[in-house]
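A.B. asks: predicted model and sequence follow; I will ask about them next.
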Amino acid sequence: MKKLWGGRFQKSAEEWVDEFGASISFDQELVLEDIEGSLAHVTMLGKCGILSQEETDKIKEGLLRLKEKAERDELTFSISEEDIHLNLEKMLIEEIGPVGGKLHTGRSRNDQVATDMHLYLKKQVQSIIQLITSFQETIIEKAERHVETVAPGYTHLQRAQPISFAHHLMAYFWMLERDKKRYQESLKRIDVSPLGAGALAGTTFPIDREYSAALLGFSGVYQNSLDAVSDRDFIIEFLNDSSILMMHLSRFAEELILWSSQEFQFIELDDAFSTGSSIMPQKKNPDMAELIRGKTGRVYGHLISLLTVLKGLPLAYNKDMQEDKEGMFDVVHTVMGSLKIFNGMVRTMKVNESKLTESVHHDFSNATELADYLAAKGIPFREAHEIVGKLVLHCIQKKCYLADLSLEDLKEASPVIEEDIYQILSPYQAVKRRNSLGGTGFEQVKQQIQYAKELLSQPLSNDKRQMDLPV
Ligand code: ARG
């Protein structure tokens with residue numbers, strides 16, 4: 001079949017060759033952005049007198065008809081038209097006749113595809129930011145109910161010190177907050193128009209790039225036409241920001257998987273977010289959390305893939321760049337899906353408070369309390385550490401915990417120990433007393449949650465947050 005660019009060709013490629021080069025199977029996801037870009041371009045051509053008013057109106061009308069069809073999912077794309085741009089141009093000509101061929105005046109597919117990608121990513125990143133916010137709200141709600149739920153805190157996955165369960169949940173709030181800011185910050189670089197850069201060198205037509213950029217809602221235009229058509233940094237940045245977000249989700253997923261195991265039993269995931277086994281009737285598997293952990297791998301993969309695609313490319317456009325799309329689409333879908341699932345999973349999970357309480361009463365995670373107690377009474381911390389270490393060993397041999405020791409036993413280890421030690425050894429008190437800024441003390445956790453709520457109620461752009469330290 002004759003190609004839209006077929007003038008200088010004497011024979012056409014075979015179908016299987018066309019198929020290899022075509023991107024329509026995936027870039028049809030850009031259909032609405034491509035039409036939007038064309039509408040702005042043709043409006044600009046009309047305003048600058050490059051096309052007559054009549055031609056402009058006709059093309060716009062045709063594009064709007066295609067838009068309606070696209071929204072109703074009525075367009076049928078074909079591989080022989082290679083990509084979304086040529087498919088739509090062909091359809092436009094079919095729709096309104098040869099005048100449709102004037103749309104491409106002063107434009108190339110190179111600036112066209114870059115424009116589509118900028119428009120697409122801007123929209124998707126804004127939606128992702130909203131999904132992160134709604135997940136953060138869920139975390140806050142859950143945390144608020146568990147400020148005074150005392151849970152084991154770990155380092156090296158060994159019991160370390162008791163903490164507020166809300167404090168643990170809120171750690172993820174702050175990771176997501178940084179993720180959100182990274183996306184927000186990246187919008188500055190996404191929100192720039194390459195339209196009008198032409199194939200690589202600009203155009204001889206008296207176009208107005210700032211006008212078309214404004215019509216598309218972009219905040220600025222690229223200052224160099226070569227850069228405009230060959231820049232994919234904004235996509236790499238998106239893949240990078242998404243990799244960090246997925247790394248956070250994956251760590252959280254890993255914790256939910258551990259916590260819901262028979263060994264921990266700290267939480268129970270809702271049936272709606274779990275699956276059974278086809279052979280073992282007793283099983284309830286945390287599949288959704290595992291999948292999110294697993295999908296993190298493909299997101300990292302797309303980041304490395306695009307960095308590698310671009311590393312050796314001479315300026316300006318090269319067909320290699322068509323490889324920027326599938327990874328980007330996949331990451332958009334993966335990140336959105338993972339955030340929605342995670343939100344539901346955390347909202348519906350049951351926290352097994354009695355199991356958490358029981359756990360912190362059956363370990364040595366209050367050993368630091370005893371060492372701090374001795375240090376507060378003037379014993380050098382290093383010595384206090386040694387005394388408590390010996391007491392722990394003694395307990396292990398006697399098969400008991402620190403709070404089970406009699407006052408005599410304790411006094412034998414150090415005469416400065418008094419009756420008040422039992423109060424100090426209680427995990428609840430241990431948490432409560434950690435009232436340093438950002439610590440797990442209940443008052444601190446309440447303040448943290450309050451601060452987090454205030455952040456969510458402010459627009460992101462006003463944000464001068466995290467630490468308002470005097471400078
Ligand atoms: N489908 C192409 C892509 O995604 C559009 C740009 C094609 N430009 C060209 N000169 N062949 O990269």
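C.D. replies: Sure thing, it's come through.
A.B. asks: please make it C-alpha for all contacts and neighbour counts, starting now.
C.D. replies: Will do.
A.B. asks: mind checking the longest helix of the chain?
C.D. replies: In the chain, assigned by DSSP state H, the helix with the most residues is helix 109-144.
A.B. asks: what does the protein put close to the ligand?
C.D. replies: The chain comes close to the ligand at residues 23, 83, 109-110, 113, 319, 321-322, as judged by C-alpha under 6 Å from any ligand atom.
A.B. asks: one more pass at 5 Å, please.
C.D. replies: 109-110, 322 (C-alpha under 5 Å from any ligand atom).
A.B. asks: between those residues, which has the most around it?
C.D. replies: residue 110 (23 neighbours; other C-alpha atoms under 10 Å).
A.B. asks: ok so, going back, just the residues of the chain next to the ligand now: which is nearest the ligand?
C.D. replies: Among the residues of the chain next to the ligand, residue 322 lies closest to the ligand (C-alpha to the nearest ligand atom), at 3.5 Å.
A.B. asks: and for the closest residue to the closest one other than its chain neighbours, the neighbour number?
C.D. replies: Counting by C-alpha to C-alpha, 6 or more residues apart in numbering, the nearest residue to residue 322 once its immediate chain neighbours are dropped is residue 23, at 7.3 Å. Number of residues near residue 23 (other C-alpha under 10 Å) recorded here: 19.
A.B. asks: measure residue 23 to residue 106 for me?
C.D. replies: Distance, residue 23 to residue 106, using C-alpha to C-alpha, to the nearest Å: 23 Å.
A.B. asks: repeat for residue 432
C.D. replies: Distance from residue 432 to residue 106, by C-alpha to C-alpha: 68 Å.
A.B. asks: the stretch 301-450 of the chain: helices as residue ranges?
C.D. replies: Counting by DSSP state H, counting those that start in this stretch, the stretch 301-450 of the chain has helices at residues 325-348, 353-360, 367-376, 381-398, 407-413, 421-425, 427-432, 442-457.
A.B. asks: export these to a markdown table and tack on distance to residue 226 and mean pLDDT?
C.D. replies: Putting those into a markdown table (distance: least, C-alpha to C-alpha, whole Å; pLDDT from 0 to 100) gives the following:
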| stretch | distance to residue 226 | mean pLDDT |
| --- | --- | --- |
| helix 325-348 | 20 | 98 |
| helix 353-360 | 60 | 95 |
| helix 367-376 | 62 | 94 |
| helix 381-398 | 64 | 95 |
| helix 407-413 | 76 | 93 |
| helix 421-425 | 68 | 93 |
| helix 427-432 | 59 | 95 |
| helix 442-457 | 40 | 97 |
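A.B. asks: just name the most buried of these.
C.D. replies: Of the helices of the stretch 301-450 of the chain, the one with the most neighbours on average (mean count of other C-alpha atoms under 10 Å) is helix 427-432, at a mean of 22.
A.B. asks: which neighbouring elements make contact with that helix?
C.D. replies: Other helices and strands packing on helix 427-432, by 3 or more C-alpha pairs under 8 Å, 6 or more residues apart in numbering; DSSP states H and E, are strand 150-155, strand 158-164, helix 442-457.
A.B. asks: now tell me what touches that helix from outside.
C.D. replies: Helix 427-432 has contacts (C-alpha atoms under 8 Å, 6 or more residues apart in numbering) with 150, 162-164, 360-361, 366, 369, 423-424, 440-443.
A.B. asks: and if you look at stretch 399-410?
C.D. replies: 362-364, 366-367, 391-392, 395, 417-419, 422, 425-426.
A.B. asks: any weak-confidence spans in the protein?
C.D. replies: For the chain, applying pLDDT under 70 flags the ranges 1, 461-471.
A.B. asks: and residue 107, backbone torsions?
C.D. replies: Dihedral pair for residue 107: phi -140, psi 160, per degrees, to the nearest 10.
A.B. asks: OK, contacts around it?
C.D. replies: Applying C-alpha under 8 Å, 6+ apart, the residues near residue 107 are 195-199, 203.
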